[in-house]
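S.K.: Attaching a predicted model along with its sequence, questions to come.
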Amino acid sequence: MELLDIISPLFLALIVGGTFVGIVFGAIPGMTATMAVAVCLPITYSLGLENGLALLLGLYVGGISGGMVPAILLGIPGTPSSITTTFDGLPMTKKGEGEKALRIGICSSLVGGLVSLLILWLCAPLLADFAIQFSYVEKFLIILFALTVMAALSNDMLIGIFSGFLGIFIALIGTYDISDGGNGEIRLIPPGLDYWLESGFALLPVLIGLFGLAAILEEAERGVPQSQSAADVKIGSQSTFSFSVFRGQTVNLLRSGGIGTFAGILPGVGGSAASILSYSNAKTFSKHPERYGTGEPEGIIASEAGNNGLTGGALVPLLSLGIPGDSTTALLIGAFTLQGIQVGPLFIGNNPVTWDAMIVAMLIANLAMFTMMYFAIRHIARIVTVPKHILFPIILMMCVIGAYTINYGIMFDVWTLLIFGVFGWLAVKLRLEIAPFIIGFILGPSAEVYFVKSLESFNDLTIFFTKSWIAIVLWVLIIGSVAGSVALSRSRQSTTADA
Amino acid sequence: MNGLTEVTIAFETSHLVFPSLIAGVLAILGLAILIRERRSIAASGGYWRETFAKMDKLRFLGTLALTVLYFSLMVPVGNVWPNTGLGFLICSIPYVFLSGLIFLHDRGLRAVAPVAITALVAPTLVWWLFTDLFFLTLP
């Protein structure tokens, strides 16, 4: 099948529709791009891979972009990735420049998204070509590196590493699959649950529980704060937007988009880190950093170009190594699984049309996001008033459909959704880190196969250090990420002590 | 030195190698966390009491209870009309309505009416979409 056959009216409609629904999810505080993808995953089942991905990528781009609306108008980040947009967005709204701030954010989001798309298009095939030569040893070390990077960038490294290993441990429940070279024996199953857990916990109910149900339980715990009334949303019209605001901002736009993309490439680093890194860099290099936080357009440009830069970046490790860059791309693995396709170094080479379709879908999603938000921003702004008591029950119902249909109708998957929904709520209370947990859960079975097969082949632990120069480089990166994290943690502690 | 690093994995017990290793790492990490956080763990009773005191119990526990009931009833109801997805539809309508009602702050008639309409329309639309259009199995 050729690319032009795939770009059908349905393909385009799914991207545009997905982008719109993503903007809605992003614009409502408490709902995220990840939740949008989780809820809509079951729909992709009947759509086929390319059309399904078109919908999900639209949701992803729209969800990340929509978060700026409440961030600017209300000072509440719609998604965690919009946190730094509030710093200058809300002060601009208070000055009656809400519409101008939104349009600055929309244009910056487009540039950030396109920068990251370009990097994705250039880098993912190169990285995949390089990764094809990896043996089980290097593949295991890549997973170990992904876990240490995530843990190093967690709020607390020790708890981050613990969460990652907990994810791996839970993923190992069930059978050591013969198709992976295992011996077909079961392990770690509590008594009486052999029948249900023979294949372990299914990935998608776990993800939907952690990102759908858990988020709603958190909102329920806080009493489901009411959505803003239309009267509270003041978009302002005192200052009109002009593209001249971007004069002298080319470096800021490209740098922020690049930083966001880099943050996306690092496994498990979310959009909040992308926008914080971009914002702090822009402030460092600014001629007038004192204006940041008072309604400075530069700050919004950095934050929004940074968080949309994440979208393409997070797909690089997913499509070249099979390692998701963030929680939303972890859900995309579910879409591939549903269609029976494995992502990894061979994906791009074996599925060139799907790869091209993804690039086209990302491009169209960015353009659709820009068109919809730029020209209809006054209507989009009203999304923040959509009542949660209408949306949340529908989302809960969609979560059930997602969990139930994933394995052709297994009720235990629905209970898995509840178990991990409650676990996700509890994890926040216990300060466990969800991103490393998820990546550990997704990569755990592969890590086991790579580790055990390496030892079965070489019968020596030193093989993990001596197999190739790539293994040595990976160990340097692993030790560097842990050492960097320890240094960062100490510097944080000394700053706190000084304060 | 070589003897220390040599490892032989028996195929019949190979399913236990990696889980044992991960369990060991988890135990060490857990112990490290326990030692480091011993003071806050010892004082965690207050934290959980505060969490429970601040919690909106009606909405949180109500959502949980409704969800458990919803999941429990779906299959038995569906078994009355097998392979039609009616178990999902019949259970989803009251679930969407009641959870909407729980989340609602002002429960006057004007506010309840949209919740009731949503509870009828949304599950019906989703049921039709998934069973008739996408041919997916629902309980």
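M.R.: Cool, got the structure.
S.K.: Ramachandran angles for B:E6?
M.R.: For B:E6, the backbone dihedrals (degrees, to the nearest 10) come out as phi -70, psi 140.
S.K.: Number of residues surrounding it?
M.R.: 13 (other CB atoms under 10 Å in any protein chain shown). (Glycine included, C-beta is placed from N, CA and C.)
S.K.: List the residues that contact it.
M.R.: Listed by CB atoms under 8 Å, 6 or more residues apart in numbering or on different chains, the contact set of B:E6 reads A:N459, A:D460, A:L461.
S.K.: What residues sit buried inside stretch A:359-377?
M.R.: Residues A:359-370, A:372-374, A:377 are the ones in stretch A:359-377 that count as buried (16 or more other CB atoms under 10 Å in any protein chain shown).
S.K.: of the contacts of B:E6, closest to chain B?
M.R.: For those, the residue nearest chain B by CB to the nearest CB is A:L461; the value is 4.4 Å.
S.K.: residue contacts, the closest one?
M.R.: Residues in contact with A:L461 (CB under 8 Å, 6+ apart) are A:L455, B:T5, B:E6, B:V7.
S.K.: hmm, try it at 6 Å
M.R.: B:T5, B:V7 (CB atoms under 6 Å, 6 or more residues apart in numbering or on different chains).
S.K.: The helix or strand encompassing A:L396 near chain B at all?
M.R.: Assigned by DSSP states H and E, A:L396 belongs to helix A:388-405. Yes: contact of helix A:388-405 with chain B (CB under 6 Å from any CB of the partner chain) involves A:H389, A:I390, A:F392, A:P393, A:I394, A:M397, A:T405.
S.K.: and that helix, what does it pack onto?
M.R.: helix A:33-44, helix A:203-208, helix A:411-429, helix B:86-103 (3 or more CB pairs under 6 Å, 6 or more residues apart in numbering or on different chains; DSSP states H and E).
S.K.: So what angle separates the directions of that helix and helix B:86-103?
M.R.: In terms of direction (axes from the mean of the first three to the mean of the last three CA atoms, to 10 degrees), helix A:388-405 departs from helix B:86-103 by 150 degrees.
S.K.: residues making contact with helix A:388-405?
M.R.: A:39, A:41-42, A:205, A:208, A:212-213, A:216, A:224, A:227, A:413-414, A:417, B:92, B:96, B:99-100, B:103-104, B:118, B:122, B:136.
S.K.: Now the helix or strand containing B:T67: buried residues?
M.R.: Using DSSP H and E, B:T67 sits in helix B:57-80. Using 16+ other CB under 10 Å as the test for burial, helix B:57-80 gives B:59-60, B:62-64, B:66-67, B:70-71, B:73-74, B:77-78.
S.K.: before we move on, the earlier item: next, format the residues of helix A:388-405 next to chain B as TSV and append neighbour count.
M.R.: Converted to TSV, these look like this (neighbours: other CB atoms under 10 Å in any protein chain shown):
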residue	neighbour count
A:H389	24
A:I390	19
A:F392	25
A:P393	28
A:I394	21
A:M397	24
A:T405	23
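S.K.: Before we move on, what's the pLDDT of the closest residue in space to B:I102 that isn't next to it in sequence?
M.R.: Nearest in space to B:I102, with sequence neighbours left out and distances taken as CB to CB, 6 or more residues apart in numbering or on different chains, is B:G62 at 4.5 Å. Per-residue confidence (pLDDT) for B:G62: 96.
S.K.: For chain B, which residues score under the pLDDT cut-off?
M.R.: Residues of chain B that meet the criterion pLDDT under 70 lie in B:1-2.
S.K.: Residues of it that sit close to chain A?
M.R.: So chain B meets chain A at B:5-9, B:11, B:14-15, B:17-19, B:22, B:25-26, B:29, B:33, B:55-56, B:59-60, B:63, B:71, B:75, B:92, B:96, B:99-100, B:103-105, B:118, B:122, B:134, B:136-137 (CB under 6 Å from any CB).
S.K.: Close to chain B: what parts of chain A are there?
M.R.: By CB under 6 Å from any CB, the part of chain A that sits against chain B consists of A:46, A:158, A:162, A:165, A:168-169, A:172, A:176, A:183, A:185, A:187-188, A:220-221, A:223-224, A:226, A:389-390, A:392-394, A:397, A:405, A:409, A:411, A:414, A:448, A:451-452, A:455-456, A:459-462.
S.K.: which residue packs closest to A:L217, ignoring adjacent ones?
M.R.: Leaving aside its chain neighbours, A:L217 sits nearest to A:W425 (4.4 Å; criterion: CB to CB, 6+ apart).
S.K.: Excluding chain neighbours, what is closest to A:Y374?
M.R.: A:I106 is the one closest to A:Y374 (CB to CB, 6+ apart), at 5.0 Å.
S.K.: Now that neighbour, what are its backbone angles?
M.R.: The phi/psi pair for A:I106 (degrees, to the nearest 10) is phi -60, psi -50.
S.K.: Helices along the stretch 1-150 of chain A, start to end?
M.R.: With helices called from DSSP state H, counting those that start in this stretch, the stretch 1-150 of chain A shows them at A:3-6, A:9-27, A:33-44, A:49-66, A:68-73, A:85-94, A:98-131, A:136-152.
S.K.: got a list of what A:A302 touches?
M.R.: For A:A302, the contacting residues are A:N252, A:S256, A:S278, A:Y279, A:A282, by CB under 6 Å, 6+ apart.
S.K.: State the mean pLDDT of stretch A:301-312.
M.R.: 91.
S.K.: Return the distance of that stretch from the chain's centre.
M.R.: Relative to the mean C-alpha coordinate of its chain, stretch A:301-312 is positioned 12 Å out (CA atoms, centre = their mean, to the nearest Å).
S.K.: got the CA coordinates for it in CSV?
M.R.: Below are the C-alpha coordinates for stretch A:301-312, written out as CSV (Å, rounded to 0.1, in the frame of the first residue of the first chain):
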residue,chain,number,x,y,z
ILE,A,301,7.3,31.4,23.6
ALA,A,302,9.9,29.3,25.4
SER,A,303,7.3,27.3,27.4
GLU,A,304,5.0,26.5,24.5
ALA,A,305,7.7,25.8,21.9
GLY,A,306,9.4,23.6,24.6
ASN,A,307,6.3,21.5,25.5
ASN,A,308,5.2,20.9,21.9
GLY,A,309,8.8,20.0,21.1
LEU,A,310,8.2,17.0,23.3
THR,A,311,5.7,15.5,20.9
GLY,A,312,8.2,14.5,18.2
